[in-house]
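Novice: what would the 3D arrangement of this be:
(one chain, ligands or ions: 1)
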Amino acid sequence: MYSQKRALILGDGAAGTILANKLRFLTNKNELEIVVIGNSKKHYFKPDGVQIPFGLLDYRKSVKNSEFLFNAGVKYIQDEVVRIDVDQRFVTVKSGKSYSYDYLAIATGDRLTPEDVPGYEGEAKHFYNLQAALSLKEDLAKFNGGDIVIGQASPEIQCPPAPYEFTFLLDHYFRKRGIRNKINIHYTYPLNRVFTMPQVAVFVDKLFQERGIITHTMFNVETVDPKNKVVNSLEGESVKYDMLILVPPHRGQKVITDSGLAGESGYIDVDRHKLNYGKYDDVFVIGDATNLPVSKAGAAAHFQSGYLSHHIASEVGGAVYEDDYNGECACYTITGVNEAISLWFSYEKNAKANFKSKLDYIFKWTSADTYFSGMVRGIM
Ligand SMILES: Cc1cc2nc3c(=O)[nH]c(=O)nc-3n(C[C@H](O)[C@H](O)[C@H](O)COP(=O)(O)OP(=O)(O)OC[C@H]3O[C@@H](n4cnc5c(N)ncnc54)[C@H](O)[C@@H]3O)c2cc1C
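Specialist: Predicted coordinates for the structure are as follows:
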């Protein structure tokens, strides 16, 4: 006789969907019920947002119905989680129901908070969700000359390379339109180099210089002044713009803070190897919802889901999973059309950028197909 346990997964994005599907492959339905609660009807492949504003990809291929992405045997509930009680072991959703669990995986990602920067809303543009990326495509088409400033409004964002990838494509886009000489591209970055990983920063900086991109380092955005068209940094520098493209600040979800699992930042502290929350050995956090010292990336969510699915499946089967999550992450980052660099890193290993490759660009350009057909299904 089996006594069925329940794994409850909160969030229907990259981390939650991959975890559910991987776990289903590893466990018997009689042993483990897998329930996912999520509030996104559509699953958007966010990495495509870097290319969509330049018309390099058809955005319709970047979106699927969330419900179609779950493998048979995963129960998917469309609702919004409004309370998580890890002491009483239940979760409450907006429609009023509550769900108990044996294993809880929080994979609610994070949210954009443009309201955190005075002057941002209604003035700055970005490409961090589909609507913004499509609207930026129209704005870029109308831009014929002047200063464009591109940067990030807070140090911690999803996919740290995305701003430099976007900058390289911006340079290519205006060259192709034959008006690059009428445009100054300014790139701002909050550290004293152009990217967080030192060796990659040197590589990217060299390409920026070759392409005439003006850099402003140690630039932590404080305010946007729409009247005078300047963006101001905490360090006292002001940069004038005709178009401002600024990745909005991020925070974890409100339900996380409201449930007392994190402070105002909304990011949850977890064990960096076991991914469990505090003293609880039945509560795990993966993906962008964590405070882990790894990039907020779908690739990191993928590796974390791999680790956690094996950990839970082993426990369900009465065994102990000896491996740890080691901070692994990998990504292809664009340095222009038809060129990209691949970055591999972990807690112990720093990323290195060695050479640009067309093959890496092709991997990146086709990654929505790989993601929807393989990765999200749990078969990679
Ligand atoms: C422009 C851009 C480019 C990127 N490029 C790359 C890249 O090249 N490589 C890479 O690896 N990563 C990239 N990323 C990052 C990657 O998309 C994220 O790191 C990844 O989506 C994180 O997965 P997640 O499941 O943690 O969060 P998400 O995918 O955001 O999923 C969270 C889910 O939880 C749901 N949710 C939230 N709150 C609740 C609630 N209260 N109740 C129910 N459901 C809730 C949300 O609706 C959402 O579906 C990029 C991101 C952006 C924006």
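Novice: which bits of the stretch 201-350 of the chain sit near the ligand?
Specialist: Residues of the stretch 201-350 of the chain found near the ligand (Cβ under 6 Å from any ligand atom) are 253, 255, 287-289, 296-299, 301, 331. In short, each C-beta sits where N, CA and C put it, glycine included.
Novice: hmm, try it at 5 Å
Specialist: 253, 255, 287-288, 296-299, 301, 331 (Cβ under 5 Å from any ligand atom).
Novice: of all those residues, which comes closest to the ligand?
Specialist: residue 287 (2.2 Å; Cβ to the nearest ligand atom).
Novice: tell me the secondary structure at residue 148.
Specialist: Local secondary structure at residue 148 is given as strand here, using DSSP: H, G, I helix; E, B strand; the rest coil.
Novice: what's near enough to touch the nearest residue to it once chain neighbours are set aside?
Specialist: Excluding its sequence neighbours, the residue lying closest to residue 148 (Cβ to Cβ, 6 or more residues apart in numbering) is residue 243, at 4.8 Å. Shown in contact with residue 243 (Cβ atoms under 8 Å, 6 or more residues apart in numbering): 125, 139, 143, 146-149.
Novice: do the same with residue 33
Specialist: So residue 33 contacts 4-7, 75 (Cβ under 8 Å, 6+ apart).
Novice: what's across from it in the sheet?
Specialist: Beta-bridge partners for residue 33, by DSSP bridges, are residue 6.
Novice: just want the most central residue of this structure.
Specialist: Closest to where the C-alpha atoms of the chain average out (Cα atoms, centre = their mean) is residue 158, at 3.7 Å.
Novice: can you count the residues close to the residue nearest to that residue when sequence neighbours are not counted?
Specialist: Nearest residue to residue 158, sequence neighbours excluded (Cβ to Cβ, 6+ apart): residue 296, at 4.5 Å. Residue 296: 21 surrounding residues under other Cβ atoms under 10 Å.
Novice: now do residue 296, the pLDDT please.
Specialist: At residue 296 the predicted local distance difference test score is 97.
Novice: for it, give me the backbone phi and psi.
Specialist: The phi and psi values for residue 296, taken as degrees, to the nearest 10, are phi -80, psi 100.
Novice: which residues touch it?
Specialist: With contacts defined as Cβ under 8 Å, 6+ apart, residue 296 is in contact with 110, 156-160, 250, 287-288.
Novice: repeat that for 10 Å
Specialist: 109-110, 156-160, 250, 267, 287-290, 329 (Cβ atoms under 10 Å, 6 or more residues apart in numbering).
Novice: out of these, which one has the lowest pLDDT?
Specialist: residue 156 (93).
Novice: next one: that one from the ligand, what distance?
Specialist: According to Cβ to the nearest ligand atom, to the nearest Å, residue 156 and the ligand sit 12 Å apart.
Novice: point me to the helix or strand that includes residue 99.
Specialist: Using DSSP states H and E, residue 99 maps to strand 98-100.
Novice: circling back to that earlier point, between the contacts of residue 296, which is closest to residue 94?
Specialist: residue 109 (17.3 Å; Cβ to Cβ).
Novice: correct me, but the closest one touches residue 44?
Specialist: No - the pair residue 109 and residue 44 fails to qualify as a contact (Cβ atoms under 10 Å) at a distance of 11.6 Å.
Novice: how about the closest residue to the ligand within the chain: what's its closest non-neighbour residue?
Specialist: For the chain, the residue closest to the ligand is residue 13, as judged by Cβ to the nearest ligand atom, at 1.7 Å. Spatially, and ignoring its direct neighbours in sequence, residue 13 is nearest to residue 109 (5.1 Å; Cβ to Cβ, 6+ apart).
Novice: OK, contacts around the one you found?
Specialist: Shown in contact with residue 109 (Cβ under 10 Å, 6+ apart): 11-16, 40, 46, 158, 250, 252-253, 286-289, 296, 301.
Novice: any idea how far it is from residue 345?
Specialist: 21 Å (Cβ to Cβ, to the nearest Å).
Novice: residue 310 now?
Specialist: Remark: distance between residue 310 and residue 345 (Cβ to Cβ) = 21 Å.
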